[in-house]
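> this one's structure only:
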């Protein structure tokens, strides 16, 4: 045969001669790149050497095995593959294009790279003004850097006790009230003032039917008498929900509830949302009365107006439409039991809850256990949780006594998990000691007493313990298999 070609594979990284089969060679550094390097060198050259903090960082970098290894890689060159480098420098691999070394300082662009033994100290300085996560991260990114810095700043701010105490009151997800199966089973009661006069309001959870009575006195006995007059009209309910006002928390009202045979539930103090049905009904009545001179006619109009579920408050309660100032045929005022009212109410509540939670970015607060240390926002005192008396409501023992508060009024003071900087942080290396790469270690210690892939500081006895994965010949990640030449080369002599 006339020809006996010898085919040899050359990786593209070693093929420096440009030809038709190779990739386009990388161009020469542009003028902008040269200017950036010169600007970096000029800026670092004017760093005052008398700055004690910079000198401290410089000395800490010289004592840190990882920083020394990164500086050696910057000077000598990074390996082709990430797996060829020590695992301790893997967090620096993706940003190796930003890392430089100037006058003994390891820099990330123009920011100081902080070794592991100074990071907690710098975290305290970053958060010394107790700013938020975004502000602390923005401040740190102007001057310093280390792998995972932003995440550690976030964890530190979230775990700061002082920041949690002074944080805004969180908005909890909306908890719509459940619709009772029948009207006038579950009622909400509240007192309100309108035009310097006091009133008692009672609302039915099922039909949203509202009853209002004028209070000439705010005594418990007078309040109980007005509640009795409402019960004599529509019957005694099973449950009455109110706030912790003196009229409802008094002994007279408790005896009245016991004698009439209904359950009396109270909401958390300083948290009117827990009695949301009554609070909303008070707002409705005040809004109607502020626009009219006849309060009773406005109440009649409300009771005869369809709600969002399509039914008037009088229909579920009385099975009839009320006669108002609007003319109507008598036959139209007789109705049957409203169908599917529970299904419609559930759909309305779900839509309202989703809109509220999205608009206010509501978050569900974790539950508190007995003995948990808490901070009470309104009293500005610390206490201990005694028990959970209702959903999202707790009794807390403080230095002034036992109080009850909603979960949103309590700040959890249980200690957060500490910020973990580096689970396998390397021990410091003495100043001036040489840090060897994995390959250098293998050459310096052919006897095999030192595990491969261990960074060793000569004369110090300290090392970065890391067992490197065995080197697989051939292409990284390729499986061993039998290789054969294509049949089209059968007529050629291949060596």
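Received, thanks. These numbers were taken from a predicted model, which means no experiment stands behind them. Numbers count the residues shown, from 1 in each chain.
> switch to C-alpha atoms for all contacts and neighbour counts from now on
Noted.
> so residue 248 makes contact with residue 242?
Yes. Under the criterion of CA atoms under 8 Å, residue 248 makes contact with residue 242 at 7.0 Å.
> of those two, which one has the most company?
residue 242 (26 against 23; other CA atoms under 10 Å).
> got the contact list for that one?
With contact set as CA atoms under 8 Å, 6 or more residues apart in numbering, residue 242 has these partners: 188-190, 248, 264-267, 275, 278.
> could you check how far it is from residue 90?
Using CA to CA, to the nearest Å, residue 242 is found at 61 Å from residue 90.
> please, where are all the strands along the stretch 1-150 of the chain?
Residue ranges of the strands in the stretch 1-150 of the chain, as given by DSSP state E, counting those that start in this stretch, are 99-102, 105-108, 111-113, 144-145.
> would CSV of the ones you listed with mean pLDDT, mean neighbour count and distance to residue 199 be doable?
What follows is the strands of the stretch 1-150 of the chain, written out as CSV (pLDDT from 0 to 100; neighbours: other CA atoms under 10 Å; distance: least, CA to CA, whole Å):
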stretch, mean pLDDT, mean neighbour count, distance to residue 199
strand 99-102, 91, 17, 73
strand 105-108, 93, 22, 69
strand 111-113, 94, 21, 67
strand 144-145, 96, 18, 63
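> any chance of those in TSV with distance to residue 166 as columns?
Shown next, in TSV, are the strands of the stretch 1-150 of the chain (distance: least, CA to CA, whole Å):
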stretch	distance to residue 166
strand 99-102	39
strand 105-108	35
strand 111-113	32
strand 144-145	28
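> can you check which of those strands gets nearest to residue 410?
strand 144-145 (36.0 Å; CA to CA).
> can you redo the contacts of residue 242 as CSV with pLDDT, secondary structure and distance to residue 151?
Shown next, in CSV, are the contacts of residue 242 (pLDDT from 0 to 100; DSSP: H, G, I helix; E, B strand; the rest coil; distance: CA to CA, whole Å):
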residue, pLDDT, secondary structure, distance to residue 151
188, 94, strand, 47
189, 95, strand, 49
190, 94, strand, 48
248, 94, helix, 50
264, 94, strand, 49
265, 90, strand, 45
266, 88, strand, 43
267, 83, coil, 40
275, 84, helix, 40
278, 92, helix, 45
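> just name the closest of those residues to residue 106, please.
Distance to residue 106 across these (CA to CA) is lowest for residue 267, with 59.8 Å.
> can you pull the contacts of that closest one?
Counting by CA under 8 Å, 6+ apart, residue 267 touches 241-244, 274-275.
> now, which of those sits nearest residue 317?
Within the contacts of residue 267, the smallest distance to residue 317 is 18.8 Å, found for residue 241 (CA to CA).
> any idea which helix is longest in this structure?
Secondary structure of the chain per DSSP state H: the longest helix is helix 341-360.
> which elements pack onto that helix?
Taking 3 or more CA pairs under 8 Å, 6 or more residues apart in numbering; DSSP states H and E as contact, there are no helices or strands that helix 341-360 lies on.
> quick one: contacts of that helix?
171-176, 179, 181, 308-309, 362-363.
> okay, now residue 326: neighbour count?
6.
> residues contacting residue 293?
Listed by CA under 8 Å, 6+ apart, the contact set of residue 293 is empty.
> look up how far residue 313 lies from it.
When distance is defined by CA to CA, residue 293 is 22 Å away from residue 313.
> surely residue 266 touches residue 241?
Yes. Look at residue 266 against residue 241 with CA under 8 Å: they come within range, at 5.6 Å.
> looking at the two, which one has more neighbours?
Between residue 266 and residue 241, residue 241 has the larger neighbour count (other CA under 10 Å), namely 23 against 18.
> spell out the secondary structure type for the more buried one.
strand (DSSP: H, G, I helix; E, B strand; the rest coil).
> and the pLDDT at residue 223?
Listed pLDDT for residue 223 reads 95.
> now do the contacts for it.
Applying CA under 8 Å, 6+ apart to residue 223 gives the contacts 200, 215, 217, 247.
> just the buried residues from those, in ChimeraX please.
To isolate the buried ones among these in ChimeraX, judged by 16 or more other CA atoms under 10 Å, type:
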select :200,215,247
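> take the contacts of residue 223 and keep only those in strands.
The members of those that map onto strands under DSSP state E are 200, 215.
> farthest pair within the contacts of residue 223?
Distance extremes for the contacts of residue 223: the farthest pair is 215 and 247 at 11.7 Å, using CA to CA.
> so residue 203 sits against residue 187, correct?
Yes. Look at residue 203 against residue 187 with CA under 8 Å: they come within range, at 5.6 Å.
> could you list the low-pLDDT ranges of the protein?
Along the chain, segments meeting pLDDT under 70 span 1, 15-38, 40-50, 331-340, 415-483, 488-495.
> recalculate using a threshold of 50.
For the chain, residues meeting the criterion pLDDT under 50 lie at 422-479.
> what residue spans form the domains of it?
31-165, 186-360, 373-412 (automatic domain parsing).
> and residue 69, how many residues sit next to it?
Neighbour count of residue 69, defined by other CA under 10 Å: 20.
> against residue 101, how distant is it?
From residue 69 to residue 101 the distance is 12 Å (CA to CA).
> list the contacts of residue 324.
Residue 324 touches 300-301, 304, counting by CA under 8 Å, 6+ apart.
> how far away is it from residue 305?
Applying CA to CA, the value for residue 324 to residue 305 is 10 Å.
> tell me who's in contact with the nearest residue to residue 142 once chain neighbours are set aside.
Closest residue to residue 142 apart from its sequence neighbours, by CA to CA, 6 or more residues apart in numbering: residue 111 at 7.0 Å. Counting by CA under 8 Å, 6+ apart, residue 111 touches 141-145.
> identify the bridge partners of residue 111.
residue 108 (DSSP bridges).
> relative to residue 270, how far out is it?
From residue 111 across to residue 270, the span is 49 Å (CA to CA).
> ok, the contacts of residue 267 vs residue 383, which is closest?
Out of the contacts of residue 267, the member with the shortest distance to residue 383 (by CA to CA) is residue 244, at 20.8 Å.
> my guess is the closest one contacts residue 269, does it?
Yes. Assessed by CA under 8 Å, residue 244 is found in contact with residue 269 at 6.3 Å.
> follow-up on the earlier one: counting neighbours, which of the contacts of residue 324 comes out on top?
Of all these, residue 304 has the most neighbours under the rule other CA under 10 Å, reaching 20 neighbours.
> now that one. Nearest residue, chain neighbours left out?
In space, not counting the residues next to it along the chain, residue 304 is nearest to residue 312; the distance is 5.4 Å by CA to CA, 6+ apart.
> got a list of what that neighbour touches?
Taking CA under 8 Å, 6+ apart as the test, what residue 312 contacts is 207, 303-306, 321.
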